[in-house]
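Kindly generate the corresponding structure for this input.
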Amino acid sequence: MVLTNKHVVIAVIVAPLLAVMAWFAAGKFTGESPEAAVPGQSYPLVEKSNCRYASGACDIQNEEFRLRLTPGESGNSELLLTSSHPLDGVVLGVGLPDQETQPAAMRAADGQRLEWRLQLGAAPLPVQRIRLVALAHGSSYFADVGTTFLQPRPN
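Numbers count the residues shown, from 1 in each chain. Here you go, the predicted model:
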């Protein structure tokens, strides 16, 4: 009986459309827009979900700036970092969450400065964290990620 009333039918159709349009309009007028990195500033990198399980890779990013950590060719005692942008340098430290670690400089593995390697003394434990700082175009990008992605996959 209610759906036979043309006003109710029109309201049922129009109301969701207006709600969706209002959602996008509010985001456009009040939301933040991405800005280019300013030289001399530091920016955090966010770890993606593949860092939280034994995936073999850890993606970290801030907008278009993306880094990927994977075990190197010699296993979990070597880390390979692949970047979406050429890097000026990378320092990385592995240690317990409440422990100060001495960072080590990674070395560029290619001429384009998109791949970087670091030989670790031993494979990181699951409770340890990786802290890194990557320098690109005068800006620094920092991250603190777990080492769970380096652990062997359960059978």
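
What average pLDDT does whatever helix or strand residue 93 lives in get?
In this assignment (DSSP states H and E), residue 93 forms part of strand 89-95. If you average the pLDDT over strand 89-95, you get 94.

Mind checking what helix or strand follows that strand in sequence?
Next in sequence after strand 89-95, counting helices and strands by DSSP H and E, comes strand 104-105.

Could you point out the helix or strand that follows that next one?
Downstream of strand 104-105, the first helix or strand assigned by DSSP H and E is strand 107-108.

could you point out which element follows that following strand?
strand 115-119.

Other residues contacting that following strand?
Residues from elsewhere that reach strand 115-119 (CB atoms under 8 Å, 6 or more residues apart in numbering): 72, 74, 77-83, 87, 90, 92, 104-109. All C-beta spots, glycine's among them, are computed from the backbone N, C-alpha and C.

what helices or strands is the strand holding residue 93 leaning on?
Where contact means 3 or more CB pairs under 8 Å, 6 or more residues apart in numbering; DSSP states H and E, strand 89-95 is packed against strand 75-83, strand 104-105, strand 129-136.

Got a ChimeraX select line for the buried ones in the contacts of strand 115-119?
In ChimeraX, a selection of the buried entries from these looks like this (16 or more other CB atoms under 10 Å):
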select :72,79,80,81,82,83,87,90,92,106,108,109
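
what are the pairing partners of the worst-scoring helix or strand of the chain on mean pLDDT, and which direction each?
For the chain, counting by mean pLDDT, DSSP states H and E, strand 75-83 ranks last in confidence among helices and strands (a mean of 87). Partners of strand 75-83 in the sheet, by DSSP bridges, are strand 65-72 (antiparallel), strand 115-119 (antiparallel).

Need the contact partners of the longest one.
Strand 65-72 is contacted by residues 37, 43, 45, 56-61, 78-85, 117, 119, 130, 132, 134, 136, 141, 143, 145, 149-150 when judged by CB under 8 Å, 6+ apart.
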